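Chemist: Turn this into a model:
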Amino acid sequence: MGVIEIKNLKLSAGGRVILDGFSLEVCPGEVHVLAGKNGAGKSSLAKAMAGCPGYEILGGDITMDGTSIVGRQPDEIARMGIFLAFQNPVAIPGVSVANFIRAALQAKMVKGSPFNAVDFYKNLQAKMEILDIDKNFSARSINDEFSGGEKKRCEILQMLMLEPKYAILDEIDSGLDIDATKIVAVAVNGMRGPNFAAIVVTHHSKLLEYVRPDFVHVIGDGKIVASGGVELMNKLEKVGYGFFGAAGEGE
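Modeler: Here you go, the predicted model:
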């Protein structure tokens, strides 16, 4: 497994430049946290890395294991090993959680490889137990009439099942109570190792009490303006983003 490198990225959405001169390197086994004011560009970066439409890269590059992912389709980026947990995942009425994850797994498989349905459901139930999810959850339509906490657990369930090389977790702790935050953290920590790395977008330090990051970065004026450890997040909560000159400029 190699690294994700974001080099001097210039990113726009809706005709407005959001990030300009943004650079970051994420190595195997590392967890990086991105913090910043609303509008600093954290979620825009996450979506751009996953190939979501509406985000135009005007300069710089994003490489994964030495290969550029700029201009590739979302499904191709996902097959390469990047997973995005959305801040506000959409509902898909009529498509069950189990069928959605099953289809995603089959899409990753080499064409013609056999798919063992029994093993799939055993694995799904085991991962649901980790997240303290009711066994009937997998039969529900994905994100349809889910609570905020259910949506976030569903995103993490997908991550556990797909086993990506790199996960981008966009405010996965938003709307979670303390118990749910701990459960999500246990799942993320269970993925940690030499074949997994994560970028975590968050506004709060609570999640970081359970998922100890290797690095915390503050985004402002379109780029990283400060980097450090967990102590940086604690400082942010005391002095605010203005202390670092971190103004919100983008989406």
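Chemist: switch to C-alpha atoms for all contacts and neighbour counts from now on
Modeler: OK.
Chemist: Now do the helices in this protein.
Modeler: With DSSP state H applied, the chain shows helices at 42-49, 74-80, 97-108, 117-130, 148-162, 178-191, 230-239, listed in chain order.
Chemist: and Ser205, which of those is closest to it?
Modeler: helix 230-239 (6.2 Å; CA to CA).
Chemist: how about CSV for the helices of the chain, with mean neighbour count, mean pLDDT and distance to Ala139 added?
Modeler: Shown next, in CSV, are those (neighbours: other CA atoms under 10 Å; pLDDT from 0 to 100; distance: least, CA to CA, whole Å):
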stretch, mean neighbour count, mean pLDDT, distance to Ala139
helix 42-49, 23, 94, 28
helix 74-80, 17, 93, 24
helix 97-108, 16, 94, 6
helix 117-130, 15, 95, 12
helix 148-162, 22, 93, 12
helix 178-191, 18, 90, 21
helix 230-239, 15, 82, 39
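Chemist: Those helices into TSV, with extra columns for distance to Thr202?
Modeler: As requested, those are arranged in TSV below (distance: least, CA to CA, whole Å):
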stretch	distance to Thr202
helix 42-49	9
helix 74-80	22
helix 97-108	25
helix 117-130	22
helix 148-162	13
helix 178-191	12
helix 230-239	10
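Chemist: quick one: which of those is nearest Lys7?
Modeler: helix 42-49 (12.3 Å).
Chemist: Any chance you could list what contacts that closest one?
Modeler: Contact with helix 42-49 is made by 11, 18-19, 34-36, 55-57, 62, 69-70, 84, 87, 168, 170, 201, 219, 250-251, as judged by CA atoms under 8 Å, 6 or more residues apart in numbering.
Chemist: Among those, which ones are in strands?
Modeler: Among the contacts of helix 42-49, the residues falling in strands (DSSP state E) are 11, 18-19, 34-35, 55-57, 62, 84, 168, 170, 201, 219.
Chemist: count of neighbours near Glu163?
Modeler: 17 (other CA atoms under 10 Å).
Chemist: swap in the one 4 residues further on?
Modeler: Burial of Ala167 is recorded as 24 neighbouring residues (other CA under 10 Å).
Chemist: Give me the distance between it and Val3.
Modeler: To Val3, Ala167 is 12 Å away according to CA to CA, to the nearest Å.
Chemist: and what of Gly240?
Modeler: Per CA to CA, Gly240 is found 31 Å from Val3.
Chemist: Who has more neighbours out of the two?
Modeler: Shown here are Gly240 and Val3; by other CA under 10 Å, Val3 has more neighbours (19 against 15).
Chemist: does that one really touch Gly29, like I thought?
Modeler: No: using CA atoms under 8 Å, Val3 is not in contact with Gly29, being 9.8 Å away.
Chemist: ok, Val90 - contacts?
Modeler: Residues counted as contacts of Val90 (CA under 8 Å, 6+ apart) are Asn143.
Chemist: Look up the pLDDT of the residue of the chain most remote from its centre for me, please.
Modeler: What lies farthest from the middle of the chain is Gly112; by CA atoms, centre = their mean that is 29.7 Å. For Gly112, the pLDDT comes out at 71.
Chemist: Phi, psi for it please.
Modeler: phi 90, psi -10 (degrees, to the nearest 10).
Chemist: any idea how far Gly60 is from it?
Modeler: For Gly112, the distance to Gly60 (CA to CA) stands at 37 Å.
Chemist: burial of the closest residue to Gln106 other than its chain neighbours, as a residue count?
Modeler: Spatially, and ignoring its direct neighbours in sequence, Gln106 is nearest to Phe115 (7.3 Å; CA to CA, 6 or more residues apart in numbering). Phe115 has 12 neighbouring residues, counting by other CA under 10 Å.
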